[in-house]
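S.K.: Pasting the sequence and the predicted coordinates here, then a few questions.
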Amino acid sequence: MFDDLSDREVTDEGALDSDGVSRRAVLRLGAVGAAGAGLVATGQFGAPYLAQKGLLSTDGAFAASATALGDLLFYQEKFPTSPLILYPFIDELPIPKALAPEKMLEVADWAYTPGPGDGQQNIMRNERHQLWSSDIGYPDPIVYKIELKVAPHSFTSSDVLPITALGQPAVSFDATGKRYAAGTKRTLPPSTIYGFNGVFPGPMINAEYGKPVLVRFINRLDENELGLDRQDFGSPDWSFLTHLHNGHTAPESDGNPHYSMNYGPQREGYLPQEWVDNLYLNWPAGGDDREKQTFFWFHDHRMDHTGSNVYKGMVGLYPIYDPKDGMDMGDETQGLRLPGVRKDNEDGSFDVEYDVPLAIFDCRLDDGVTLHQDIHDGMGEFPAAKNPARHPEWWGKTFFKHFPNHGFVGDIFTVNGTAYPVMEVKRRKYRFRFLDASVARIYDFQLMSSSQGPKSSVSLGYTGNELQGQYRIPDGQQCMKFIEVATDGGLLPVPIPRDNFELWPAKRREVIVDFSRYQDGTPTAKGEVIYLTNTMKMPDGRMWTNSARFLPDPNYKVPVLKFVIGEDAEDNSEIPTYMRAVPPLPGNWKTLMNNRLIFEVQRGSVGGEVEWLINGKEFDPHESARSKMNPAGLAPLARQKKGSFNLWELRNGGGGWVHPMHLHMEEHRTVMRNRRDVTQGDPAHPDDGAREDLVALDPGESVIVYRGFRDFIGPYVGHCHNLAHEDHAMMFGWEITP
Ligand SMILES: [Cu+2]
């Protein structure tokens, strides 16, 4: 039933009809191959066209035909242009406060109290915590409660002007479908989110090494007291699965699908009114201080719907401090003296002034006229939406396409849930914790000044994808540097001054910015303005077309966050000369090369929604993946003994795409890039000397990392963090064995 595309109607919008056939099975290999080959044969998407677009890969005609099908979908794949935010940089940057823990007396009254016993880890009573805090000599965990909630969220308070892709005024609608003439300024309706405690982003847990945290996540997504329209994305069964990215966490608390499909829930996630206790021991791998990290985030990881759940708001923040010797405890008068003034709250939490998380997220708002059409529409998901259909009643709310050709990018850039915010800063140093919480967008940030200020891209004559970001600073000039102090893997050995840095999905970068002076030494003055500016042009989820590293476009300078210099303030912080050593590589690491595990990611054509493959296979949640044949002539299963270390190679086999490849569990260290030893550093990748949990794979690149498998046993995953790729099978299971 899967092998004949001709039986299925390809509508004029390019969607593939099917009725009730399970996901991942709508189209099978033959169908895709046939459709693609047909297109190639007719010359419509022939080899010269593909070559010109850089889409011909080592996979030959097979990949080309899959690509051609993708291009067929893409060609007819329409996205709305979001209404223009008329008054940007007026809404204040929201800075989350630390979440308060539960009172222990109240926790003792819970019907099911958290604890180390059998069945105490989740509502099914079928799991226990692999290690409890006392097993490692740590105190009992601090308990938090986080409920998954349906809630409204506003990205801006500004009036907006509905526009077309050509930048012309457009009609708009309200919730009743009433039509407003082109040129009418509107206020945006709130979007519906599924948020941790109903907020986006957030909440934020300020954690500390040595003090375990247990979070009881409770699903309340079936409760919708405000009667909010859920639209047509988010996991259709309202389930969730929370992953603390990238905590050193036992599988049952890791929220990964390889675990959840086989143990615990034994399905994709936790359903409404179900709960699970995720125990975060705040314990470095191997008990080694050099393995400490600084900034986690938690997000949904529900199989097949991670992108839609994250896009719908399931993003939380989890900075982690290190109180040992006062090294990095949020107090700039001791230890490393990184910027931060700590205030301990009565409820047991603490907040740190001048230490600010910046979660970057792009979204796209419905124009009310773009057809909602997706391969999911044939799956019986979201029947109430009656798709394919236009949804004028959703005008101004977040628009999502689950199965975009390359990945999903928005055209409005937000920071901490607010579009184009402003932050008044004191004339002193700050620590910023950057997180890319976007589905697929990569950013390249610089600090710029501009005497003319932001101009809307429409007023500058841009159209189409060039409107992404909405505003530009045509006269923007770099005026300050970032001092990078941490990556995904925690503190760097030494701070690195950066003119700019890339931020890939799920990655974290921490920087110090000194707002008391410009890079040329001139002091700043009250009222002066600096823009955090994105210079990477990324029109779709595939990769950039222009960036600092590749074909810079000097005209693409999109201001994302406006800093306004305020009053002087006391500053006891320092830029440290030395921070933390990375764990040593064994001298003989090269002897591991022959037996390394190899994972090649590629755009593939198994069929249906399985578009993104690893070692030629779609994600199988019940199995550990198998390595490609390594130089020793073996293709081992991705299983590692507890306490072992190994080299893993990640290869980008696809040619025209980039992939942020995330490996759960332990941080790694990059040792080879494109067959070159980079253990002594690589100028093009200044972070390679640090530890990371995500490999930024450029087109055609091979990266070999050294990593450990300590302290826990059980199933984990590795996957692409372009969430459209992840949700379409670019994931593999692996396991730590006793
Ligand atoms: Cu990818």
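M.R.: Perfect, I can see it now.
S.K.: what's the burial count for the nearest residue to Glu77 once chain neighbours are set aside?
M.R.: Of all residues not flanking Glu77 in the chain, Asn405 sits nearest, at 5.8 Å (CB to CB, 6 or more residues apart in numbering). Bear in mind the C-beta positions are built from the backbone N, C-alpha and C, glycine included. Neighbours of Asn405 under the rule other CB atoms under 10 Å: 23.
S.K.: Go ahead and confirm Asn405 touches Asp540.
M.R.: Yes: the pair Asn405 and Asp540 passes the contact test of CB atoms under 8 Å, sitting 7.2 Å apart.
S.K.: Which positions in the stretch 551-700 of the chain make contact with the ion?
M.R.: For the stretch 551-700 of the chain, the residues in contact with the ion (CB under 5 Å from the ion) are His659.
S.K.: and if you look at the stretch 401-550 of the chain?
M.R.: Checking the stretch 401-550 of the chain against the ion by CB under 5 Å from the ion, there are no hits.
S.K.: What's the per-residue pLDDT of the residue of the stretch 401-550 of the chain found nearest the ion here?
M.R.: As assessed by CB to the ion, the ion sits closest to Gly407 within the stretch 401-550 of the chain, at 7.3 Å. Listed pLDDT for Gly407 reads 85.
S.K.: before we move on, the earlier item: how near is the residue nearest to Glu77 to Thr81?
M.R.: Remark: distance between Asn405 and Thr81 (CB to CB, to the nearest Å) = 18 Å.
S.K.: Next, give phi and psi for the residue lying closest to Asn465 once chain neighbours are set aside.
M.R.: Using CB to CB, 6+ apart and skipping the chain neighbours, the partner closest in space to Asn465 is Pro539 (3.8 Å). In terms of degrees, to the nearest 10, the main-chain angles of Pro539 are phi -70, psi -20.
S.K.: Glu291 versus Pro539, what's the distance?
M.R.: For Pro539 relative to Glu291 (CB to CB), the value is 39 Å.
S.K.: These two - which one has more neighbours?
M.R.: Higher neighbour count among Pro539 and Glu291: Glu291, with 21 against 16, using other CB under 10 Å.
S.K.: Look up phi and psi at that one.
M.R.: Dihedral angles for Glu291 - degrees, to the nearest 10 - are phi -90, psi 0.
S.K.: hang on, isn't it packed against Ala285?
M.R.: Yes: the criterion here is CB under 8 Å, and Glu291 meets it with Ala285 at 4.2 Å.
S.K.: Name the residues contacting each of those two.
M.R.: Residues touching both Glu291 and Ala285 (CB atoms under 8 Å, 6 or more residues apart in numbering): His248, Glu666, Glu667.
S.K.: Pick the one among those closest to Val276.
M.R.: Proximity of these to Val276 (CB to CB) peaks at His248, which lies at 18.4 Å.
S.K.: how about Thr679, secondary structure?
M.R.: coil (DSSP: H, G, I helix; E, B strand; the rest coil).
S.K.: Ok, Leu105 next?
M.R.: helix.
S.K.: So which of the shared contacts of Glu291 and Ala285 are in strands?
M.R.: Judged by DSSP state E, the shared contacts of Glu291 and Ala285 include no members of strands.
S.K.: closest to the ion among the residues you listed?
M.R.: Glu667 (20.2 Å).
S.K.: How many residues are close by Pro523?
M.R.: Number of residues near Pro523 (other CB under 10 Å) recorded here: 10.
S.K.: So what does it look like in phi/psi?
M.R.: When read as degrees, to the nearest 10, the backbone of Pro523 gives phi -70, psi 150.
S.K.: now swap in Phe200 and tell me
M.R.: According to degrees, to the nearest 10, Phe200 has phi -140, psi 130.
S.K.: Would you mind confirming that it makes contact with Pro152?
M.R.: No: Phe200 lies out of contact with Pro152 (CB under 8 Å); the separation is 10.1 Å.
S.K.: Next, show the common contact partners of these two.
M.R.: Residues touching both Phe200 and Pro152 by CB under 8 Å, 6+ apart: Ile193.
S.K.: which one of these two has more residues nearby?
M.R.: Phe200 (26 against 14).
S.K.: For burial, what's the neighbour tally of the closest residue to the more buried one other than its chain neighbours?
M.R.: Excluding its sequence neighbours, the residue lying closest to Phe200 (CB to CB, 6+ apart) is Gly313, at 4.0 Å. When neighbours are counted by other CB under 10 Å, Gly313 registers 30.
S.K.: What strand or helix carries Gly313?
M.R.: Using DSSP states H and E, Gly313 sits in no helix or strand.
S.K.: How about the secondary structure of His725?
M.R.: helix.
S.K.: Could you count how many residues lie near Leu166?
M.R.: 12.
S.K.: Please report how far it lies from Ser438.
M.R.: With distances taken as CB to CB, Leu166 is found 26 Å from Ser438.
S.K.: ok, Lys97 touching Met204?
M.R.: Yes: between Lys97 and Met204 there is a contact under CB under 8 Å: 7.2 Å.
S.K.: For the nearest residue in space to Ile193 that is not next to it in sequence, give its distance to the ion.
M.R.: Nearest non-adjacent residue to Ile193, counting by CB to CB, 6+ apart: Gly313, 3.3 Å away. Separation of Gly313 from the ion (CB to the ion, to the nearest Å): 22 Å.
S.K.: Same question for Ser702.
M.R.: 15 Å.
S.K.: who does that residue bridge with?
M.R.: Per DSSP bridges, the residues bridged to Ser702 are Arg651.
S.K.: That one: how many residues sit nearby?
M.R.: 18.
S.K.: Using neighbour counts, pick out the buried residues of whichever strand or helix holds Val425.
M.R.: Per DSSP H and E, Val425 falls inside strand 422-427. Under the neighbour-count criterion of 16 or more other CB atoms under 10 Å, strand 422-427 has Val422, Met423, Val425, Lys426, Arg427 buried.
S.K.: Next: stretch 568-587.
M.R.: Asp571, Ser573, Pro576, Met579, Arg580, Val582, Pro583.
S.K.: could I get the residues you listed as a markdown table with secondary structure?
M.R.: What follows is those, written out as a markdown table (three-state DSSP):
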| residue | secondary structure |
| --- | --- |
| Asp571 | coil |
| Ser573 | coil |
| Pro576 | coil |
| Met579 | coil |
| Arg580 | coil |
| Val582 | coil |
| Pro583 | coil |
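S.K.: of the residues you listed, closest to the ion?
M.R.: Of the buried residues of stretch 568-587, the one sitting nearest to the ion (CB to the ion) turns out to be Val582, at 26.6 Å.
S.K.: List the residues that contact that closest one.
M.R.: Per CB under 8 Å, 6+ apart, neighbours of Val582: Arg290, Gly489, Pro493, Arg669, Gly689, Ala690, Arg691.
S.K.: roughly how far apart are the closest residue in space to the fifth one that isn't next to it in sequence and Val494?
M.R.: The shortest distance from Gly689 to any residue that is not its chain neighbour, by CB to CB, 6+ apart, is 5.4 Å, and that residue is Gly681. Taking CB to CB as the measure, Gly681 falls 11 Å from Val494.
S.K.: hang on, Gly177 packs against Glu393?
M.R.: Yes: counting by CB under 8 Å, Glu393 is a contact partner of Gly177 at 5.2 Å.
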